[in-house]
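Visitor: Mind looking at a prediction? Sequence and model below.
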Amino acid sequence: MLELKKISVAYKDKKVLDNLSFTAHEGEIIGVVAPNGTGKTTLFNVMANFIKPKTGEVIYKERHTYKSERAELFIHKNLSTFPDQSDLFDELTGMDHMKLYGSMWKKSTKHIQEIVDYLQMNDYVKRKVRTYSLGMRQRLCFAMMVATDTSIMLMDEVMNGLDVSNVALISKRLIQMKEEKKLIFVASHLLENLDLYADRVIFLKDGNIIHEQRFHGETEDYIKLEIEHDQYEKLKNMLPANHMYIANHILCLPLKGMNISEQTKWIENLLDFNEKELTIGPLGTVEYYEKYYLENE
Ligand SMILES: Nc1ncnc2c1ncn2[C@@H]1O[C@H](COP(=O)(O)OP(=O)(O)OP(=O)(O)O)[C@@H](O)[C@H]1O
């Protein structure tokens, strides 16, 4: 549905995206993860054509690109971006904002009350935005995106400043929107939250995608154990060569390639060595994040 082809962006001589290619499909939620200042927002700005890349192109539905104004208009009818809290108008109500977004993209406002009910905004949606707390503004920004009902949604830091119950509410709505075949990109620092709804998470480093984590289909399972660095030093020569020791605290042994008796042997040995909790399963977004960004600290 949306293809990024060999995208490069540089600010002066600082390369932010370097020949990045990626294809995303309808009905997917794609998490975009990286430390501050890596290029997540830049990537979204390229997808929305707010920044023209130095090289490469964005292709919507296999043939529409940002090369002509007509094509840009067509893509923009189908793509919306998460509003910044600073874009909100203090003297308008939440309902005014939602109606504005609904009429601009969907050409209708009939669907808006359902969104207000779902996001539990009835108490304040008719008040002026200047009276809203940060969390209320953030919920409104999400509600405005839902009101657009576009087939592609770019959500930069959608969960910022929200409490646990609102994160849960919005996560549930994201899953519902994915079932409606929308393609949603979510850049987030709430890593565990992404594991709840993302189909894939991409990790950006040095201008490109350093890793893509998939949550469906075949996942690789690991024996995972918290272990101190000095314990690891004692053990490491006995461990299989393909083990990982992530960010100086998690030891991961891939189960792939081990038969049941080898798996049992490793589980027993590691439990003998360290009685802290041992788990078996795929690596989560937090573990990959630590592997790629905290390993050398
Ligand atoms: N207009 C600009 N001019 C110069 N440098 C810029 C500009 N916009 C972004 N940058 C730089 O590009 C890099 C990537 O910025 P970007 O905002 O895309 O990162 P990010 O991953 O979204 O960060 P955050 O998590 O803090 O939002 C940063 O080093 C930033 O300073």
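Guide: It's in.
Visitor: State the distance from the residue nearest in space to the middle of the chain to the ligand.
Guide: With distances taken as CA atoms, centre = their mean, the residue of the chain nearest its centroid is residue 31 (2.0 Å). In this view, residue 31 and the ligand are 13 Å apart by CB to the nearest ligand atom, to the nearest Å. All C-beta atoms are positioned from the backbone trio N, CA, C, and that covers glycine.
Visitor: what helix or strand is that residue on?
Guide: Residue 31 is part of strand 29-33, with elements assigned from DSSP states H and E.
Visitor: packing partners for the helix or strand following that strand?
Guide: Once the chain leaves strand 29-33, the next helix or strand it forms, by DSSP H and E, is helix 40-47. Under the contact criterion of 3 or more CB pairs under 8 Å, 6 or more residues apart in numbering; DSSP states H and E, helix 40-47 touches strand 2-11, strand 14-24, strand 29-33, strand 152-156, strand 183-187.
Visitor: one more time with 7 Å, if that's ok
Guide: Judged by 3 or more CB pairs under 7 Å, 6 or more residues apart in numbering; DSSP states H and E, the packing partners of helix 40-47 are strand 2-11, strand 14-24, strand 152-156, strand 183-187.
Visitor: Can I get the ones you listed in a markdown table including distance to the ligand and mean pLDDT?
Guide: Supplementary listing: these in a markdown table, determined by distance: least, CB to the nearest ligand atom, whole Å; pLDDT from 0 to 100:
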| stretch | distance to the ligand | mean pLDDT |
| --- | --- | --- |
| strand 2-11 | 3 | 94 |
| strand 14-24 | 4 | 94 |
| strand 152-156 | 7 | 94 |
| strand 183-187 | 7 | 95 |
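Visitor: partners of the strand holding residue 31 in the sheet?
Guide: The sheet places strand 29-33 alongside strand 183-187 (parallel), strand 200-205 (parallel), with pairing taken from DSSP bridges.
Visitor: hmm, back to that, with mean neighbour count as new columns, can the helices and strands packed on helix 40-47 be given to me in a markdown table?
Guide: Formatted as a markdown table, the helices and strands packed on helix 40-47 follow (neighbours: other CB atoms under 10 Å):
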| stretch | mean neighbour count |
| --- | --- |
| strand 2-11 | 18 |
| strand 14-24 | 17 |
| strand 152-156 | 22 |
| strand 183-187 | 25 |
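Visitor: partner residues bridging the residue nearest to the centre of the chain?
Guide: On the basis of DSSP bridges, residue 31 takes part in beta bridges with residue 186, residue 201.
Visitor: residues in contact with it?
Guide: When contacts are counted by CB atoms under 7 Å, 6 or more residues apart in numbering, residue 31 is found next to 186, 188, 194, 198, 201, 285.
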